[in-house]
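*Asks:* structure of the sequence below:
(chains A, B and C)
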Amino acid sequence: MTYSKRLDGRGFEDIREMEAKVGVVKNADGSAMFRMGKTIAYAAVYGPKDLYPKFLQDPERGILRVNYNMMPFSGMGDRVRPGPSRRSREIGMVSKNALLPVINLTDFKNAVVDVFIELPQTDAGTRCAGICAASLALADAGITMRDLVASVSIGKIGDKLVVDLTYDEEAIKDMDVADIPVAVIPSTGEISLLQMDGIISKEEITEAIEMAKRACVKINKVQVDALKKKFEVKKNE
Amino acid sequence: MTEPKVKDNDVVVPGEELASGMGYLPGQGTYRDGDKIRANRLGLVHIDGRAIKLVPLAGRYLPKSGDVIIGKVRDVTYSGWIIDTNSAYRAMLSLKDATNAYIRKGADLTKFYSFGDYVVVKIFNVTSQNLIDLSMKGPGLRKLEQGRVITVDPSKVPRIIGKEGSMVSMIKTQTNCRITVGQNGVIWISGEPKNEIMAEGVIRKIEREAHVPGLTDKIKKELEKTNKGEQ
Amino acid sequence: MSNNHIASHVEKTLDKGMRYDNRKLLDFRKITLETGVSVNAEGSARVTIGDTEVLAGVKLDLGTPYPDIPDQGVMMVGAELLPMSNPKFEPGPPSIHAIELARVVDRGIRESGTIDTKKLCVKEGEKVWMMLLDLIPINDAGNLMDAFGLAALAALNDTTFPKFDSETEKVDYKEKTDKKLELSKLPIPVTVYKIGKNVIVDPLTDEEEAMDARLTVSSTEDGKLCALQKGGDITLSVEDIKKMIEIGIDKGKELRKVFESAK
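*Replies:* Take a look at the predicted model:
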């Protein structure tokens, strides 16, 4: 079967409407919100801060910890049980790995930077929105980093590759669906997150990554604008 | 030499291209990526001849030798005090660097500085692993009396202090408060409650608008206006 | 860690009839309330009080009733103190602080009888709605209790039942009915703090840390009390308690107006 028209009418390479805001959690050293369609991610950064118990410290470099959490009422259907699950821990880990390549850890030896990704509302692509928000929050916290990180999920529905799957698209029953979350370092085009579940050919995965890179250019622009907007001073103030 | 992509005082973000070609040199907060110079953090551009550097717009305090900071007593040991520095690293204030007075061995050190007390201290040594030694011997170094303690982004401290202390002196005079600004972003304000509120308000405004040119005049006008309103 | 320095200065400021942020002792900060903030929840609300921001969300799941009350639905309130919202909160299982917040909000709602759990029954002895209310802080700048209480009420009031298909006995969450959760009372908790000889409401973080004792007073629109909780390890006199209850009821009216005007 052919997926000839997307369920929400978007073009195959269109990302959902995006919105980003920096400085959304006042207590945090850095914070941001990133929205893709109905998926909303908050990220808050605390640190660098001291790390105890002491045996966790690394004298040669700082430690980055990423915690991913869906709020209990954020998902379609059943309530999400509070607290860590196997799923949330794995996503926290791959999100950390997606962010680590840009961060200069030697800046904070023996110390830790904590990133908390929280989802108040979800419609697929949560880890990607989380990574987009987290990289903004890290920049907002003044962490030394060579670039932001942009992330998007590429899907294969039937024989068609599409950008930024929704929950409804993931749940399509009469066609095979593959989901491929990708994170890109915009200045170099390097890939820092790649997962896939579904069935796909090796030619298609290359094309999917190229699509992700093109989409991430647009995402990066939204990120850059959001960071700069924080420092715009209203004329009448 | 091609023109840089940015100009003085532009806000730039990590990964942003600042210049291309080999005509410019990457300074603090930037890095070279092939023939390009990119931002390594969120900052304000400062172009000095051929060098492009960034002044940070955010970030936690990194302890530096010579800095005067406001710390908080966290614990007391045999030979001194452990001080919270509002950074990722705790510091040590040893007995001999705290006072010239004779303190008997085994004396109760909390009688001098107790848990939760705020102290103005000078950092005189930071090792490569960020072990920090503090001193209280020097002008202005002391235990703080009662006052409001607030925390600001340490990267905004230079603006709050101003050129040769001009900004903070102006706030002190106009609000009639005693104020001590620690390089670590901890600020102590002591005065009548309404004056403390005014002083904190102004400091928060400077923190928000630290990157805006002409800030001193703006703050001055605002303080004078508030003061007139009061009378 | 000890905060003697801050606590004594907070008290001294209050002694002069002033707050750290230029309020009077019994003034709340600016409050905002917004509902429908999370589309997958059956009901949701966002409340801000000054820099404090919280979310409340309601999920309606189908479950089996307790054997001793086969004709009644189940109500549960949880609070998760996200480490995102306050550097002092640790990841991990709910702290005693979180449990207290959730239970006090729960008691106010339950004891006021605002929700008729019999109306949550789908099929006696077999299927009932489980109403799961979760309270989440985004930024904790003091007074989570009152923010949670107001957000809880607004989220419940925003709650719409999803479609239950009696043939398949499944819930279609995508299809919302026009059946709303009915609230017969409007219970609102207000926490009154005692610091030295001063009594205040809506504390900032520094004021919370300077607290001697607090009393959360949940009341309904008819001025009746539906839950009380004393906190802090310093005693209150009967006079104190009387005064604090008056304030709690009085301020509850103010918060109820915020709720009504956002409806």
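*Asks:* check contacts around whichever residue of chain A sits closest to chain B.
*Replies:* The nearest approach of chain A to chain B comes at A:Gly142, 2.6 Å away (C-beta to the nearest C-beta). For the C-beta atoms, the positions are set from N, CA and C on the backbone; glycine is no exception. A:Gly142 sits next to A:29-30, B:41-42, B:56-60, B:153, B:155 when contact means C-beta atoms under 8 Å, 6 or more residues apart in numbering or on different chains.
*Asks:* which one of the residues you listed sits in the busiest neighbourhood?
*Replies:* Highest neighbour count within those, by other C-beta atoms under 10 Å in any protein chain shown: B:Leu42, with 32 neighbours.
*Asks:* my read: that residue touches B:Gly15, true?
*Replies:* No: B:Leu42 is beyond contact range of B:Gly15, at 10.6 Å (criterion: C-beta atoms under 8 Å).
*Asks:* so how many other residues sit close to B:Gly106?
*Replies:* Other residues lying near B:Gly106 total 7 when counted by other C-beta under 10 Å.
*Asks:* show me the strands in chain C, by range?
*Replies:* C:31-35, C:43-49, C:52-63, C:74-79, C:121-123, C:127-139, C:160-165, C:170-180, C:188-195, C:198-201, C:213-219, C:225-231 (DSSP state E).
*Asks:* what sits against whichever residue of chain A sits closest to chain C?
*Replies:* Nearest residue of chain A to chain C, counting by C-beta to the nearest C-beta: A:Phe73, 2.8 Å away. With contact taken as C-beta under 8 Å, 6+ apart, A:Phe73 is in contact with A:79-80, C:38, C:40-41, C:44, C:57-59, C:132, C:134.
*Asks:* state the distance from the residue nearest to it when sequence neighbours are not counted to A:Met76.
*Replies:* Leaving aside its chain neighbours, A:Phe73 sits nearest to C:Gly57 (2.8 Å; criterion: C-beta to C-beta, 6 or more residues apart in numbering or on different chains). Applying C-beta to C-beta, to the nearest Å, the value for C:Gly57 to A:Met76 is 13 Å.
*Asks:* compare neighbour counts for those two and give me the winner.
*Replies:* C:Gly57 (30 against 15).
*Asks:* give the burial count for B:Gly165, as a bare number.
*Replies:* Close neighbours of B:Gly165, defined as other C-beta under 10 Å, add up to 11.
*Asks:* again, but for C:Val258
*Replies:* 17.
*Asks:* pretty sure it contacts C:Arg29?
*Replies:* No: contact criterion C-beta under 8 Å: C:Val258 and C:Arg29 do not qualify, at 11.8 Å.
*Asks:* which ones are touching B:Arg204?
*Replies:* Residues in contact with B:Arg204 (C-beta under 8 Å, 6+ apart) are B:Val152.
*Asks:* make it 10 Å
*Replies:* B:Arg204 is in contact with B:150, B:152, B:156, B:160, counting by C-beta atoms under 10 Å, 6 or more residues apart in numbering or on different chains.
*Asks:* same for the helix or strand containing the first one, what does it pack against?
*Replies:* In this case it means B:Ile150. B:Ile150 is part of strand B:148-151 when elements are defined by DSSP states H and E. Judged by 3 or more C-beta pairs under 10 Å, 6 or more residues apart in numbering or on different chains; DSSP states H and E, strand B:148-151 is in contact with strand B:68-76, strand B:186-190, helix B:193-208, helix C:4-15, helix C:205-209.
*Asks:* tell me the domain boundaries of chain B?
*Replies:* B:11-56, B:68-143, B:148-226 (automatic domain parsing).
*Asks:* what about C:Gly196, distance to C:Ile234?
*Replies:* 10 Å.
*Asks:* pull up the overlap in contacts between those two.
*Replies:* Residues touching both C:Gly196 and C:Ile234 (C-beta under 10 Å, 6+ apart): C:Asp212.
*Asks:* when those two are compared, which one has more neighbours?
*Replies:* When neighbours are counted by other C-beta under 10 Å, C:Gly196 and C:Ile234 differ, and C:Gly196 comes out ahead with 14 against 10.
*Asks:* returning to what we had before: specify which member of the contacts of A:Phe73 is nearest to chain B.
*Replies:* C:Ser38 (29.4 Å).
*Asks:* hmm, C:Thr159 and the closest one touching each other?
*Replies:* No: with contact defined as C-beta atoms under 10 Å, C:Ser38 and C:Thr159 do not form a contacting pair (11.8 Å).
*Asks:* what stretches of chain A score poorly on pLDDT?
*Replies:* Within chain A, the stretches with pLDDT under 70 are A:234-237.
*Asks:* buried residues in stretch C:58-78?
*Replies:* C:58-62, C:65, C:72-75, C:77-78 (16 or more other C-beta atoms under 10 Å in any protein chain shown).
*Asks:* again, but for stretch B:107-127
*Replies:* Under the neighbour-count criterion of 16+ other C-beta under 10 Å, stretch B:107-127 has B:109, B:112-123, B:126 buried.
*Asks:* among the contacts of B:Arg204, which pair sits farthest apart?
*Replies:* B:Ile150 and B:Lys156 (12.0 Å; C-beta to C-beta).
*Asks:* joint contacts of those two?
*Replies:* B:185, B:203-204, B:207.
*Asks:* run a quick neighbour tally on the residue lying closest to C:Leu255 once chain neighbours are set aside.
*Replies:* Among residues not flanking C:Leu255 along the chain, C:Ile188 sits closest, at 4.9 Å (C-beta to C-beta, 6+ apart). As a burial measure, C:Ile188 scores 28 neighbours (other C-beta under 10 Å).
*Asks:* tell me how far C:Ile188 lies from A:Gly142.
*Replies:* C:Ile188 is 40 Å from A:Gly142, by C-beta to C-beta.
*Asks:* where does chain B get nearest to chain A, which residue?
*Replies:* Nearest residue of chain B to chain A (C-beta to the nearest C-beta) works out as B:Gly59 at 2.6 Å.
*Asks:* and the closest residue in space to C:Pro65 that isn't next to it in sequence, what are its bridge partners?
*Replies:* Among residues not flanking C:Pro65 along the chain, C:Val128 sits closest, at 4.4 Å (C-beta to C-beta, 6+ apart). Note on C:Val128: beta-bridge partners by DSSP bridges are C:Gly63, C:Cys121.
*Asks:* number of residues surrounding A:Arg65?
*Replies:* The number of residues packed around A:Arg65, counting by other C-beta under 10 Å, is 16.
*Asks:* surely it and A:Pro48 touch.
*Replies:* No: counting by C-beta under 10 Å, A:Arg65 does not reach A:Pro48; the two are 11.4 Å apart.
*Asks:* mind listing the shared neighbours of those two?
*Replies:* A:112-114.
*Asks:* show me which of these are buried.
*Replies:* Applying 16+ other C-beta under 10 Å to the shared contacts of A:Arg65 and A:Pro48 flags A:112-114 as buried.
*Asks:* and the residue of the stretch 151-263 of chain C closest to chain A?
*Replies:* C:Tyr173 (5.3 Å).
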